[in-house]
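> Okay, predicted coordinates and the sequence, questions at the end:
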Amino acid sequence: MKSLLLCVLVSTIWFTWKAESQSCEGWSDASSCESQSAGNCAWLNGLCRCASAIELDILFGVDTSGSIQESGFADLRDFLAELVTRDIADGARIGFTLFATYINESRPIDFWDSAELLNYVNGLTWTA
């Protein structure tokens, strides 16, 4: 199962690269974000975010088992929070499947409000 998740993660990163997206986190103010990024970024809620017109369906498989330990889960949650805050366009539909001993389709793929999405990710807990 972990190799499948790794494959999904690598595929997502590759697709992002192939779609010629760029990191928008280098811009620290609204003017630079929108003017110097060639239209690839937009200033939203005090952050420079991806303004890609590419709409994606993303399903995150989140390991909540004992094998990753609590510190590993905290790292995973921090990674997801960073990803949903800065690197995913607002038009994306996102879902979450949590797994440990059992699989839990926590949230099916759907559109999210930015604040709701970040709140959900920050509320994920390690269940081992």
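Arrived safely.
> tally of neighbours for D113?
9 (other CB atoms under 10 Å). Any C-beta I mention is one placed from the backbone N, CA and C, and that applies to glycine too.
> Provide the backbone phi and psi angles at it.
Main-chain torsions, D113, degrees, to the nearest 10: phi -80, psi 140.
> Same check on E70?
Taking degrees, to the nearest 10 as the convention, E70 sits at phi -70, psi -40.
> Surely it is in contact with T127?
No: if you go by CB atoms under 8 Å, E70 and T127 don't touch, sitting 10.4 Å apart.
> Between these two, point out the one with more neighbours.
Neighbours per residue (other CB under 10 Å) separate E70 from T127, with T127 holding more: 14 against 11.
> which residues touch that one?
Counting by CB atoms under 8 Å, 6 or more residues apart in numbering, T127 makes contact with 64-65, 98, 100.
> Quick check: closest non-adjacent residue to L59.
Of all residues not flanking L59 in the chain, G95 sits nearest, at 4.6 Å (CB to CB, 6 or more residues apart in numbering).
> so what's that neighbour up against?
57-60, 105, 107-110.
> Of the residues you listed - the most surrounded one?
F60 (22 neighbours).
> now that residue, which residues is it bridged with?
F60 forms beta bridges with F96, as assigned by DSSP bridges.
> doesn't R93 make contact with it?
No: counting by CB under 8 Å, F60 sits too far from R93 to count as a contact (11.8 Å).
> that older thread, looking at the contacts of G95, which gets the smallest pLDDT?
Among these, E105 has the lowest pLDDT, at 77.
> Distance check, that one against G95.
Plainly put, E105 is 8 Å away from G95 if you go by CB to CB, to the nearest Å.
> now swap in A38 and tell me
Distance from A38 to G95, by CB to CB: 31 Å.
> Tell me where the model's unsure across the protein.
Along the chain, the parts satisfying pLDDT under 70 run over 1-22, 52-54, 87, 89-90.
> the strands in this structure, which residues?
Taking DSSP state E as the criterion, the chain carries its strands at 41-44, 47-50, 57-63, 93-99, 103-110.
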